[in-house]
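Peer 1: give the three-dimensional model of this entry:
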Amino acid sequence: MIGQELGKMGHNTNEPLPDGYTMTELGPLPEEWQVVRLGEVVVLRERMRLVNLDE
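Peer 2: Next comes the predicted model:
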């Protein structure tokens, strides 16, 4: 998994990123991804809770 290869806590900026990746404020991400606020891609509703279907 690329996140594990690059390290979740940071990336050594002296080493080049793999092809197709770019450095963002969150760390290395695929070039086709965008960093956006959660509210820009989902509708948040009050008084709703997430349920773990595995329980």
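Peer 1: would you state the strands of this protein in chain order?
Peer 2: Along the chain, the segments classed as strands by DSSP state E run 21-24, 27-30.
Peer 1: can you list the strands that the last one pairs with?
Peer 2: Pairing partners of strand 27-30, with direction, according to DSSP bridges: strand 21-24 (antiparallel).
Peer 1: give the buried residues for the partner strand.
Peer 2: Using 16 or more other CB atoms under 10 Å as the test for burial, strand 21-24 gives Tyr21. Heads up, the C-betas are built off the backbone N, CA and C, glycines and all.
Peer 1: just give me how far it sits from the chain centre.
Peer 2: The chain centroid and the centroid of strand 21-24 are separated by 11 Å under CA atoms, centre = their mean, to the nearest Å.
Peer 1: average pLDDT across that strand?
Peer 2: Across strand 21-24, the average pLDDT comes to 90.
Peer 1: might one say that Tyr21 is in contact with Pro28?
Peer 2: Yes: applying CB atoms under 8 Å, one finds Tyr21 in contact with Pro28, separated by 4.8 Å.
Peer 1: returning to that earlier point: could the strands of the chain go into CSV alongside distance to Asn52?
Peer 2: Formatted as CSV, those follow (distance: least, CB to CB, whole Å):
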stretch, distance to Asn52
strand 21-24, 30
strand 27-30, 27
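Peer 1: mind checking those for the one nearest to Leu53?
Peer 2: Closest to Leu53 of the strands of the chain, according to CB to CB: strand 27-30, at 27.9 Å.
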